[in-house]
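Peer 1: Next comes the sequence, and after it the predicted model I'd like to discuss.
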Amino acid sequence: QVQLVESGGGLVQPGGSLRLSCAASGSISWISYMAWFRQAPGKRREWVAQISSDGWTSYADYAKGRFTISRDNAKNTVQLQMSSLKPEDTAVYFCKAWGIRSESKSLPDLWGQGTQVTVSS
C-alpha cells in the first residue's frame, strides 16, 4: 500500500528554522508532483509550495524567500526547509502527492497524516 509519512515537526522559537520531510512508501515508479499544505486551528487548509518531478517549484507569497521545497526522485521524498519562522506559521503541515504511478497503475492523490509545527517563544 502506498502512503505518505511526514516527519520533522516540532516547537521552534520565532526566527528559527525547521526542516520537514515526507517519504512515500510502497511500490512507486513515478510521482509527478509533490507539495506541502498547512492548516492552522480554525482555518482552511492552504497550499504552501509544490515541486514537479523535473524540479520546477512554486511557492505561496508568504513562503517566498523563507521556505525552500526540494525532492529526491530516487527516494520518493520531499522536504520543506523553513527559516525565519513566525508565530503565524504555526499549523499542521501536510504532504501531498499526485500524478502517481504504481505497478503500471495511476493512483489517486495521496495525503500524509500531517506533522505539527509550533512557532512560539
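Peer 2: It's in. Numbers count the residues shown, from 1 in each chain.
Peer 1: residues touching the residue nearest the centre of the chain, list them.
Peer 2: The centre of the chain sits closest to Trp36, judged by Cα atoms, centre = their mean, with a distance of 3.0 Å. Contact partners of Trp36, counting by Cβ atoms under 8 Å, 6 or more residues apart in numbering, are 20, 22, 47-50, 69, 78, 80, 93-96. C-beta here means a position set from N, CA and C on the backbone, and glycine is covered the same way.
Peer 1: Also Lys43?
Peer 2: Ala91.
Peer 1: coming back round to it: quick check on the contacts of Trp36: which are buried?
Peer 2: Leu20, Cys22, Val48, Ala49, Gln50, Ile69, Val78, Leu80, Tyr93, Phe94, Cys95, Lys96 (16 or more other Cβ atoms under 10 Å).
Peer 1: Name the secondary structure element that contains the first one.
Peer 2: Leu20 is located in strand 18-25, with elements delineated by DSSP states H and E.
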